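Asker: Below: sequence and its predicted model.
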Amino acid sequence: MAASSADPMVLSFEDARNVVEHQAASIPAPALETVLLLEAAGRVMAEPVQAYRDLPPFPRSTRDGYAVRSADLSRVPTILEVVGEIKAGEKPDKVPSNIDKGQTASIMTGAPVPAGADAVAMVEYSSQHGPRVEITKSVLPGENIVPRGAEARQGSPLIDRGTSLNEAAIALAASAGRPRLQVYKRPRVAVLTTGDEIVDVDVAPGPTQIRNSNSYSLAVQIQNAGGEARLLPVAPDDPQALRRLIEQGLRLDLLLLTGGVSMGRYDLVEQVLSEMKAEFFFTGAKIQPGRPVVFGKLGASPKSPGKYFFGLPGNPVSTMVTFELFARPILEALAGMSPRKLLFTYAKLKSEIRVKSGLKRFLPAVLSGEFENSQVELVPWQGSGDIAATARADCYIVIPPDRDRISPGEFVAIMMR
Ligand code: AMP
Ligand code: MG
């Protein structure tokens, strides 16, 4: 599969993605560190978390009402004898040990349902007078009760190794009594922007210069994918200087270059990488934006696994899209995340799309409308340099390579951003 020099290896989107997923699967788990629960959001679990007891630990009432024997309510209205009141958190010795035929206990949401009772009648269908309550609606066995252990059995897995921790996973870890979690160390990603015309954000650009925006969009994407971005100085279009900065970048876990991978005379990235004996997995993908994207590895030897690099095309939207499509799975694997497929959803197209066929396209688009009226349409843009249009978009419409016209009302695949 790999080529020793940068011979053109332009793959279909699917083939290029398969190559990336295949490489990602070979990446070993990173080193570990322990962090406080509140600092663990967005981190990747390095240890499994198990339920230390049944969840819920007792049959839990999901309503305020009366713990009853459902058979007692086969005919309603019925009058039952109230033998106790059960608050959430009540000590077990304050709770009736059993509900006998003709009896009930008033019970609050979250409280344990006592033995004998098999359902909870909602307070809305009751009226209590002293020690007696009249209940006007019958209940099915099990109604308004979550049985002990129904959410998780003691010892069963709650959070797997490789899970990226969102608010629900953090809540689970909290409920499992874990003030600290073992997570994977974040991979450090070198970002190397190339181009004689590029100046940094705090420099006033000359008339033909442009400010570096790619390093900043990439830093955000790297952070979102679980990495730490390190911005290297901008590389001029000069082979020696570029090589020195690439060597610097290779000290980190992953190297992302932007710019300099097209066919122009000063697009030196592939040339310099070839001179450094890089192994190339592909040097282009049949997509738009981002066709010249390059993926490979440097410095692999029997002693060292080497470092992955991506040469992302310099057009700002190409950089963003090719990161999501190809660099993200490698970065997630370096962060210890379990592999996942790209996720797409469908929405109804609002206005016609016409494109040239032959490339799989990922074009900036906006969603509108709610629920079943959800619609999507392209944002008007000036091509893959147009950051302003892309900033207005909330997703990409994915156009298969064999389509040149899509009509309003058709369902199109979209990739959220
Ligand atoms: P290249 O891939 O080097 O041919 O660059 C393609 C286009 O993207 C050119 O218009 C560049 O000026 C622009 N570009 C390259 N790098 C950056 C960057 N870091 N920030 C913003 N625009 C860039
Ligand atoms: Mg350039």
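Answerer: Thanks, I have it. Ligands and ions are numbered 1, 2, ... in the order given.
Asker: which parts of the helix or strand hosting Glu270 are buried?
Answerer: Glu270 belongs to helix 269-275 when assigned by DSSP states H and E. For helix 269-275, burial by neighbour count (16 or more other CB atoms under 10 Å) applies to 269-270, 272-274. All C-beta atoms are positioned from the backbone trio N, CA, C, and that covers glycine.
Asker: what's in contact with it?
Answerer: With contact meaning CB atoms under 8 Å, 6 or more residues apart in numbering, helix 269-275 is reached by 5-6, 194, 239, 242-243, 246, 257, 259-261, 280, 283, 294, 296, 298, 309, 311.
Asker: That helix and ligand 2, are they touching?
Answerer: No: for helix 269-275, no contact with ligand 2 is found by CB under 5 Å from the ion; the gap never falls below 8.6 Å.
Asker: does any part of that helix sit near ligand 1?
Answerer: No: residues of helix 269-275 contacting ligand 1 under CB under 6 Å from any ligand atom: none, with a closest distance of 8.3 Å.
Asker: per-residue confidence averaged over the next helix or strand after that helix?
Answerer: Next along the chain after helix 269-275, taking DSSP H and E as the criterion, comes strand 279-282. Mean pLDDT, computed over strand 279-282, is 97.
Asker: Strand 279-282 packs against which elements?
Answerer: Applying 3 or more CB pairs under 8 Å, 6 or more residues apart in numbering; DSSP states H and E, one finds that strand 279-282 contacts helix 13-25, helix 269-275, strand 294-298.
Asker: Comparing those, which comes out most buried?
Answerer: Comparing the helices and strands packed on strand 279-282 by mean neighbour count (mean count of other CB atoms under 10 Å), strand 294-298 ranks first with a mean of 23.
Asker: For the chain, give me the ranges with low pLDDT.
Answerer: The model of the chain has pLDDT under 70 over residues 1-7.
Asker: for ligand 2, what are the nearby residues on it?
Answerer: With CB under 5 Å from the ion as the criterion, the chain comes near ligand 2 at residues 195, 259-260.
Asker: Report the buried members of the residues you listed.
Answerer: Buried among the residues of the chain next to ligand 2 (16+ other CB under 10 Å): 195, 259-260.
Asker: how much space between the residue of the chain positioned farthest from its centre and ligand 1?
Answerer: Among the C-alpha atoms of the chain, the one most distant from their mean position (CA atoms, centre = their mean) is that of Gly130, at 54.5 Å. To ligand 1, Gly130 is 78 Å away according to CB to the nearest ligand atom, to the nearest Å.
Asker: before we move on, what about Asn224?
Answerer: 19 Å.
Asker: for Met320, same thing?
Answerer: Distance, Met320 to ligand 1, using CB to the nearest ligand atom: 11 Å.
Asker: Mark which of the contacts of helix 269-275 are buried, thanks.
Answerer: Buried, going by 16+ other CB under 10 Å: 6, 194, 242-243, 246, 257, 259-261, 280, 283, 294, 296, 298, 309, 311, out of the contacts of helix 269-275.
Asker: of those residues, list those near ligand 1.
Answerer: Restricting the buried ones among the contacts of helix 269-275 to those near ligand 1 - CB under 6 Å from any ligand atom - leaves 259-261.
Asker: Go through the residues you listed and flag which are in strands.
Answerer: Of those, none are assigned to strands by DSSP state E.
Asker: pretty sure Pro131 contacts Val82?
Answerer: Yes: counting by CB atoms under 8 Å, Val82 is a contact partner of Pro131 at 5.3 Å.
Asker: Among these two, which residue is more densely surrounded?
Answerer: Val82 (18 against 9; other CB atoms under 10 Å).
Asker: Tell me if I'm right that the more buried one and Ile107 touch.
Answerer: No: using CB under 8 Å as the test, Val82 is too far from Ile107 to be in contact (10.6 Å).
Asker: what do the two both touch?
Answerer: Common neighbours of Val82 and Ile107, using CB under 8 Å, 6+ apart, are Tyr66.
Asker: Tell me how far the helix holding Glu270 lies from the chain's centre.
Answerer: 33 Å (CA atoms, centre = their mean, to the nearest Å).
Asker: Check stretch 261-271 too.
Answerer: Relative to the centre of its chain, stretch 261-271 is centred 33 Å away, using CA atoms, centre = their mean.
Asker: how far does that stretch stretch from start to finish?
Answerer: Stretch 261-271 has an end-to-end distance of 9 Å (CA to CA, to the nearest Å).
Asker: need the helices for the stretch 251-400 of the chain, in chain order.
Answerer: All helices of the stretch 251-400 of the chain, identified by DSSP state H, counting those that start in this stretch, fall at 269-275, 316-322, 328-334, 387-392.
Asker: Mean neighbour count, those: which tops it?
Answerer: Counting by mean count of other CB under 10 Å, helix 316-322 has the highest mean neighbour count of the helices of the stretch 251-400 of the chain, with a mean of 27.
Asker: Return the residues of the stretch 101-250 of the chain in contact with ligand 1.
Answerer: 193, 195, 197-198, 210, 212-215.
Asker: among these, which are in helices?
Answerer: 214-215 (DSSP state H).
Asker: Can you redo the residues of the stretch 101-250 of the chain next to ligand 1 as CSV, where the extra columns are distance to Lys356?
Answerer: Putting these into CSV (distance: CB to CB, whole Å) gives the following:
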residue, distance to Lys356
Thr193, 30
Gly195, 27
Glu197, 28
Ile198, 30
Ile210, 27
Asn212, 31
Ser213, 27
Asn214, 26
Ser215, 31
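Asker: Please indicate which of the residues of the stretch 101-250 of the chain next to ligand 1 are buried?
Answerer: In those, burial by neighbour count holds for 193, 195, 197-198, 212-215, counting by 16+ other CB under 10 Å.
Asker: Mind telling me the two of the residues you listed farthest from one another?
Answerer: Glu197 and Ser215 (14.3 Å; CB to CB).
Asker: Need phi/psi at Lys91.
Answerer: Main-chain torsions, Lys91, degrees, to the nearest 10: phi -60, psi 140.
Asker: Tell me how many other residues surround it.
Answerer: If we define neighbours as other CB under 10 Å, then Lys91 has 7 of them.
Asker: Please determine how far it is located from Pro112.
Answerer: 11 Å (CB to CB, to the nearest Å).
Asker: from the ones next to ligand 1 among the buried ones among the contacts of helix 269-275, which single one is nearest Val412?
Answerer: Val261 (28.7 Å).
Asker: if you skip the residues just before and after it, what's nearest to Arg43?
Answerer: Nearest residue to Arg43 in three dimensions, chain neighbours excluded: Val183, at 3.9 Å (CB to CB, 6 or more residues apart in numbering).
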